[in-house]
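J.: what shape does this take:
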Amino acid sequence: MKDQQLLVFFLSFNMEKTNPAIQHFLSCIDLEDQEQAKRFQLNETHSLKALKAEGLALHPIRITRKSFGYADYPELSFKLPFPGETNSFKNGMAIECFCQGEEPVKGMLLSLDGKNGEFRLFAPDFPDWIEDDGVGIKLTPDTRTSSIMKKALADLPQHPQAFSLFQQVHDKEIEALKESSFNPLVALPFFNQQLNESQQIAVQKIHALTEGVFVLHGPPGTGKTTTLLEGIQQLVKAGQKIMVTAPSNTAVDNIAQGLIATGINFLRIGNNTKVNAAIFPFTPEGKLKESKQEKEIKRLKIRAEEMRKMAYQYKRRFGKDERDQKKLLLNEVKAIRKQIKDIQHYNEEELFTKASVILGTPIGLMDTHLAEQAIDTLIMDEAGQCLEPLAWCVMTTTTKIILAGDHLQLPPTVLSNKAQQLGFNISILERFISKIPTAHLLDTQYRMREAIVQFPNTYFYAGLLKTAQHLASTGTHIYFYDTAGAGYSEETGQDGNSLTNPGELDACNKIIELLQLNCSATAFISPYSGQVAAAKETLPSTLKISTIDSFQGQEAETILLSLVRSNESNQIGFLSDYRRMNVAMTRAKECLIIIGDSTTLAKDDFYNQFLNYVEAIDAYKSVWELG
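T.: Now for the predicted structure:
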């Protein structure tokens, strides 16, 4: 076994030396790791106050419940006693639980909803100090994901077809990949009779794919999830085993919820998030409920709890014999935990063979080694937000791959500016859509009023998007409130890193009153976390308040969008990432209200075109009109 591992190592080592694309990715992963370590570090120069201001730490927190959960790891529920900046804390992210003067414990955020959350600790037991005053959690570098991506890159040559595809897509001399292979398209008896023509053709192509990559381009509101669900049903009907993945647990659960009504036998893999009650019966834990295996796991957990109690009898004794005994007992807990994991892994493999569809994030699938098993078709949703090395973790499982998403919305989040400059934030979807001739556009949107979608449609989608007939009604559905000349200048936020614009927040309050907006159906979004933090202190508490990046994939009846930038030098910063504006402008269903300074914005061609658009449709207003 060791000889085989050494052989793999040397093969991987030689491959890394000769393949520049893999070397490039390994360098980018290292850069990102370094930037994360620098950003999340708590030390003399980067204080707890600074981390909290940047939205990277939540402190203090109040522990409300303790239990032992998945694989017998300690799990804790907590409450925030204050309105904190939580936009950076997403389900499944790596965290550390800390208390001043104590050794921090690594873990994972399970959920965070408002002021209530849950996290798991990777430790044999709860720390002695966990309920002391001053406990907090902070984000920490995700070294686990980094190591899995590096391994996936190193293992690529062991998968000749996937490695050949990787080499082709990174060969600058190849302008376009060869056409993927399809059987002749046939008329299908669709499960969903409401599909439009572009959705039907997409499903027919998913059904007919025999080899290669098919790209499904789904702009906002065009029914991408609906189309994928129909495609999955057609493939299962044809006898295929499907793997469905996405870079976020939220996106995976979105597909899983849609599958419940189909009656398909599916398995939702992964333990990164708190699974909702509807999906739980389709998880390994849910499928094994009341089984012989679950009873064995319960017995082992009881035994582990007995060992822990015995071990912590010695926590206030300092003799060598007591320390040795405590160590032996905790080693026994560790061994029991491994037994539990082995039972769960064995049963996941058995459940895998029975399920028609397997769902999970790339990391969740790699953790259970299911990504190493052969399947018929891989479907990756939200591929426009998936780092390329993360995608290759699962793209070795089959020769038929569907990538679905929109490369014209936000790319994957990358903290390192240098890694961004090297193209590390180019998603797997963007990588393929630039070279593959089989991309298919879903061409009818069902979310927005026509006036809202018209400008993004013209600028980003070459006018190819149609609007469903019921959304084409006349009326005022978009406003731009110009702050030029009002003295609403941008300011540096309290964290010293982001920007705020108090004048725009004042304008928002006046707009809410003037238009009599229903706050519970309205969301305030802004590109700047400083403005979001200030909005939580200034605007009605019933508004949903978020950064644009965190709001991607969501929608609201009314959107209030604050652009913030207003300065004499006409600098617009990362407003120049127009994909962020595409996301922002396509979240509203009934009414989009944008507040910004035309003097600062108009020097940029994108915003100048937008200003011309709102003037042409009589949607231009001035904040002077608000009184």
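
J.: report the longest helix in this protein, please.
T.: Longest helix of the chain, by residue count under DSSP state H: helix 320-354.

J.: and the nearest residue to residue 336 once chain neighbours are set aside, helix, strand or coil?
T.: Excluding its sequence neighbours, the residue lying closest to residue 336 (CB to CB, 6 or more residues apart in numbering) is residue 304, at 4.4 Å. Where you see a C-beta, it was placed from the backbone N, CA and C, and this is true even at glycine. Secondary structure for residue 304, judged by DSSP: H, G, I helix; E, B strand; the rest coil, is helix.

J.: which residues of the stretch 101-250 of the chain fall in strands?
T.: 105-113, 116-121, 136-139, 181-182, 209-217, 242-245 (DSSP state E, counting those that start in this stretch).

J.: hmm, back to that, tell me which other helices or strands the longest helix of the chain touches.
T.: strand 266-268, helix 284-287, helix 292-311 (3 or more CB pairs under 8 Å, 6 or more residues apart in numbering; DSSP states H and E).

J.: from these, which stretch is densest packed?
T.: Comparing these by mean neighbour count (mean count of other CB atoms under 10 Å), strand 266-268 ranks first with a mean of 24.

J.: can you list the strands that it pairs with?
T.: With DSSP bridges as the test, strand 266-268 is paired with strand 357-359 (parallel).

J.: quick one: the helices in the stretch 151-300 of the chain, in order.
T.: Per DSSP state H, counting those that start in this stretch, the stretch 151-300 of the chain has helices spanning 160-169, 197-208, 224-237, 249-260, 284-287, 292-311. These are given in chain order.

J.: residues contacting the fourth one, please?
T.: Among residues not part of helix 249-260, those counted as contacts by CB atoms under 8 Å, 6 or more residues apart in numbering are 91-92, 225-226, 228-229, 232, 244-246, 266, 268, 270, 272-273, 275-276, 278-279, 282, 357, 359-361, 364, 381-382, 553.

J.: returning to what we had before: between the helices and strands packed on helix 320-354, which gets nearest to residue 506?
T.: strand 266-268 (45.7 Å; CB to CB).

J.: select only the buried ones of the contacts of helix 249-260 in PyMOL?
T.: Buried members of the contacts of helix 249-260, defined by 16 or more other CB atoms under 10 Å, are picked up in PyMOL with:
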select buried, resi 91+92+225+226+228+229+232+244+245+246+266+268+270+272+273+275+279+282+357+359+360+361+364+381+382+553
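
J.: thinking again about what came up before, deepest of the strands of the stretch 101-250 of the chain, which one?
T.: Sort those by mean neighbour count, taking mean count of other CB under 10 Å, and strand 242-245 sits at the top with a mean of 27.

J.: in its sheet, what does it sit against?
T.: strand 357-359 (parallel), strand 377-380 (parallel).

J.: which one, of the ones you listed, ends up nearest to residue 149?
T.: Proximity to residue 149 (CB to CB) singles out strand 377-380 among the strands paired with strand 242-245, at 15.1 Å.

J.: after that closest one, which helix or strand is next? Please name it.
T.: Later in the chain than strand 377-380, the nearest helix or strand by DSSP states H and E is helix 388-392.

J.: return the distance of that next one from the chain's centre.
T.: On the basis of CA atoms, centre = their mean, to the nearest Å, helix 388-392 is displaced by 14 Å from the centre of the chain it belongs to.
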